[in-house]
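> My questions concern the predicted model and sequence given below.
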Amino acid sequence: MHRAFASGKSASMAQPRLICLLLALLTLLLYLPVWQHGFIVYDDNLYVTENRMVQQGLSWAGVKWAFTTLHASNWHPVTWLSHMLDWELFGGNAGAHHLVNVLFHVANTLLLFLLLRRMTVSLWASALVAALFAWHPLHVESVAWIAERKDVLCAFFGLLALHGYVLYARHGDRRAYFCSLLCFALGLMAKPMLVTLPFVFLLLDYWPLKRAPGFLRLAVEKWPFFLLTVVSCVITVIGQREEAMVDLERQPLSARVANAVVAYATYLVETVWPSDLAIIYPLDRQIPPGHVALSVVILFVISLFAWRSRSSRPYLLIGWLWFLGTLVPVIGLVQVGRQAAADRYTYLPLIGLFVALVLGAAEAAARLRLNTVMRASITVTILLGCLVATRRQLAYWQDSKALFAHAVSVTEENAVARLNLGVALEQAGQTNEALAQYRESLRINPGRAQAHNNVANLLAASGQKEEAVTHYREALRLNRKAPLAHLNLGTTLLELGKFDEAMQHYEDAKRLAPDDPRPSYLMGKASLQQKRSTDAVAHFRDVLRLAPRDFRTLTWLARVLSSDPDAKVRNGVEAVALAERANELVGGSEAFVLDTLAMAYAEAGRFTDAVRAAQQAIDLAAKAGANDDVAAVQQRLQLYKSGQPYRE
């Protein structure tokens, strides 16, 4: 009898394990192409490719920054630590960063399947909900976008928190309660969208947990969760205050409500028929009243049906309220950003909808007395459709040009997509096409400071500096707190001979971005042009305080300390240390660095070393075909051979 029981238990465990294995393998295979994908120009720069703190890897300074910064208008330290760990392990290997997102998505799929099984939803219904979650094309954005690590990370901790809560609700295990609270806190520190999770707990209390103590008692039981929700909301409002206030001024409440209603209906339609998906959907300032009215009718009818079915089909009401409620933080009632909706916002909310649809379809199939073959055929067809659509959508994410060209093709008057397509084209060297996209973005929305800045960059590069200055000034009129526009305008003004005004814009950039070494570096170079060596030394030292491994700054500072005509400025010993460090960083492969090292050796009286370094610089410059550099270093070499240092 004992053997029979053990055999039966083993068989009952085999099916869930096999399902987990299939879900994991198929999801990995589906998303495997991301290994060949790169970073994109939209937000990946904020989170990884241009984020100096992230690129330092894991460090105490980085941990402190992660927990104190509101960079990217959010407080999500766990997300920052995740990106730092990725950079520590993989550096700039974009494929590895993508793969981490995929692994989190696989983990979330398995956690969802096991959660539904734990809540006594049937095995195959749980598997189907998990498969839809894993393979639905609306979730491509959350998985294939490195900057959306916060989405899959937040869901990971949210699902763990749900597991802990269900354990507590079933067995009264206080340890499970505190584990759930800890995971909830970590989830909020990955992405604040998880603030609605305590309300999801209350929904689950009704069904399928069927807890009886009463609503008020169940709500009070969760007070630590609600407290964390309030704290997270306050921090989020502070982090996004400036951007949110701008949009609140532009978007009246009536327009935001209309957009929210239409967005809900749009998500429903895209769940059933996911076509023309894009990374950015432009915010329509004038939504047709007919669209709003139709959306209201759809939402009202579904809500009424779910409410009336609450006794016989509680999963319909709970799944519907899960969908509606978890979208509240991102539905646009408090409009932050210029998007009308976003595929990534559906990552957690669709779970409720999938539960309602799958269980509702199972009951309908039973009523219609569909046989097993018919049910299996319908299920397989739907899942195959999801796999095909997801693979097609995934292909657009291979690079920025494909992604934003697709967004432009499936949306109308999309200024953000045009702008980012222009950036991608510019990076590919297609400057004329990029300029056309920037100008089109400005036609759609003349109030985009970044578009003016990008137009100005291309005009300045083509020699049209006066027109470039006009666009830079317009960019700063629209956004006075844009350090990059100050930097670019300063550089262009310097090229036009307006030194004092250029330096003021560099100072403004430094004030707005105190952790960015670029303003000090450019001020140092500008000071050298004006033969203000003392100022240049001060600026270069400021750069090295922020970026001690910047070989360019090490080289320029060493050059000034080696060759300045003023003996009070020169310092041969320090110059040698700086130049040797720069040469070590570049592995002896830069002629300019070796030339500077030779200057430093000569200033320190080490003329034999100076001759050797100068000859190496000449050899590298000759190999590169830089004949002017060869001639200049050869002149300096003659000085070193005669025991004389070089003076700039």
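Looks like it arrived, so ask away.

> the bottom helix or strand of the protein by mean pLDDT?
When each helix and strand of the chain is scored by mean pLDDT, DSSP states H and E, helix 241-250 comes last, with a mean of 49.

> Report the secondary structure state of residue 497.
Assigned by DSSP: H, G, I helix; E, B strand; the rest coil, the conformation of residue 497 is coil.

> How about residue 645?
Here residue 645 takes the coil state, with states given by three-state DSSP.

> Now it: closest residue in space, sequence neighbours ignored.
Leaving aside its chain neighbours, residue 645 sits nearest to residue 602 (4.1 Å; criterion: CB to CB, 6 or more residues apart in numbering). All C-beta atoms are positioned from the backbone trio N, CA, C, and that covers glycine.

> same thing with residue 284?
Using CB to CB, 6+ apart, the closest residue to residue 284 is residue 340 (6.1 Å).

> Confirm for me that that neighbour is in contact with residue 263.
Yes: between residue 340 and residue 263 there is a contact under CB atoms under 8 Å: 6.3 Å.

> Quick check: neighbours shared by those two?
Common neighbours of residue 340 and residue 263, using CB atoms under 8 Å, 6 or more residues apart in numbering, are residue 332.

> For residue 76, grab the count of nearby residues.
Residue 76 has 27 neighbouring residues, counting by other CB atoms under 10 Å.

> Make 57 the starting number, not 1.
In the new numbering, first residue 57, that becomes residue 132.

> Hmm, residue 243 and it touching each other?
No: judged on CB under 8 Å, residue 132 makes no contact with residue 243 at a distance of 10.0 Å.

> which residues are in contact with both of these two?
Counting by CB under 8 Å, 6+ apart, residue 132 and residue 243 have no common neighbour.

> Which parts of the stretch 157-306 of the chain are helices?
Using DSSP state H, counting those that start in this stretch, the helices found in the stretch 157-306 of the chain span residues 179-191, 196-200, 205-227, 230-244, 253-262, 271-277, 279-295, 297-306.

> can you tell me the average pLDDT over the third one?
Averaging pLDDT along helix 205-227 gives 97.

> Who are the packing partners of that helix?
If you count contacts as 3 or more CB pairs under 8 Å, 6 or more residues apart in numbering; DSSP states H and E, helix 205-227 packs onto helix 133-146, helix 150-174, helix 196-200, helix 230-244, helix 253-262.

> buried stuff in it?
Residues 205-225 are the ones in helix 205-227 that count as buried (16 or more other CB atoms under 10 Å).

> wait, what's in contact with residue 689?
Counted by CB under 8 Å, 6+ apart, residue 689 has contacts 647, 651, 654, 670, 673, 674, 677.

> which non-adjacent residue is nearest the second one?
If the residues on either side of it in the chain are set aside, residue 651 comes closest to residue 673, at 4.2 Å by CB to CB, 6+ apart.

> what helix or strand is the one you found on?
helix 663-679 (DSSP states H and E).

> Distance from the chain centre to stretch 155-163, please.
Put simply, stretch 155-163 sits 15 Å off its chain's centre (CA atoms, centre = their mean, to the nearest Å).

> and it, what's its mean pLDDT?
98.

> just stretch 238-257 next, same as before
Averaging pLDDT along stretch 238-257 yields 97.

> Check stretch 176-196 too.
The model assigns stretch 176-196 a mean pLDDT of 94.

> For it, C-alpha coordinates in PDB please.
Output in PDB follows, covering the C-alpha atoms of stretch 176-196 (Å, rounded to 0.1, in the frame of the first residue of the first chain):
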ATOM      1  CA  THR A 176      -5.700  25.100  -6.600                       C
ATOM      2  CA  VAL A 177      -6.400  26.300 -10.200                       C
ATOM      3  CA  SER A 178      -6.400  23.200 -12.400                       C
ATOM      4  CA  LEU A 179      -3.100  21.900 -13.700                       C
ATOM      5  CA  TRP A 180      -3.800  22.500 -17.400                       C
ATOM      6  CA  ALA A 181      -5.500  25.800 -16.900                       C
ATOM      7  CA  SER A 182      -2.500  26.900 -14.800                       C
ATOM      8  CA  ALA A 183      -0.200  25.700 -17.600                       C
ATOM      9  CA  LEU A 184      -2.100  27.600 -20.300                       C
ATOM     10  CA  VAL A 185      -2.200  30.900 -18.300                       C
ATOM     11  CA  ALA A 186       1.600  30.600 -17.800                       C
ATOM     12  CA  ALA A 187       2.100  29.800 -21.500                       C
ATOM     13  CA  LEU A 188       0.100  32.800 -22.600                       C
ATOM     14  CA  PHE A 189       2.100  35.000 -20.100                       C
ATOM     15  CA  ALA A 190       5.400  33.600 -21.500                       C
ATOM     16  CA  TRP A 191       4.600  33.800 -25.200                       C
ATOM     17  CA  HIS A 192       2.200  36.700 -25.700                       C
ATOM     18  CA  PRO A 193       3.600  39.400 -28.100                       C
ATOM     19  CA  LEU A 194       2.500  42.200 -25.700                       C
ATOM     20  CA  HIS A 195       5.300  41.000 -23.400                       C
ATOM     21  CA  VAL A 196       8.100  41.300 -25.900                       C
END
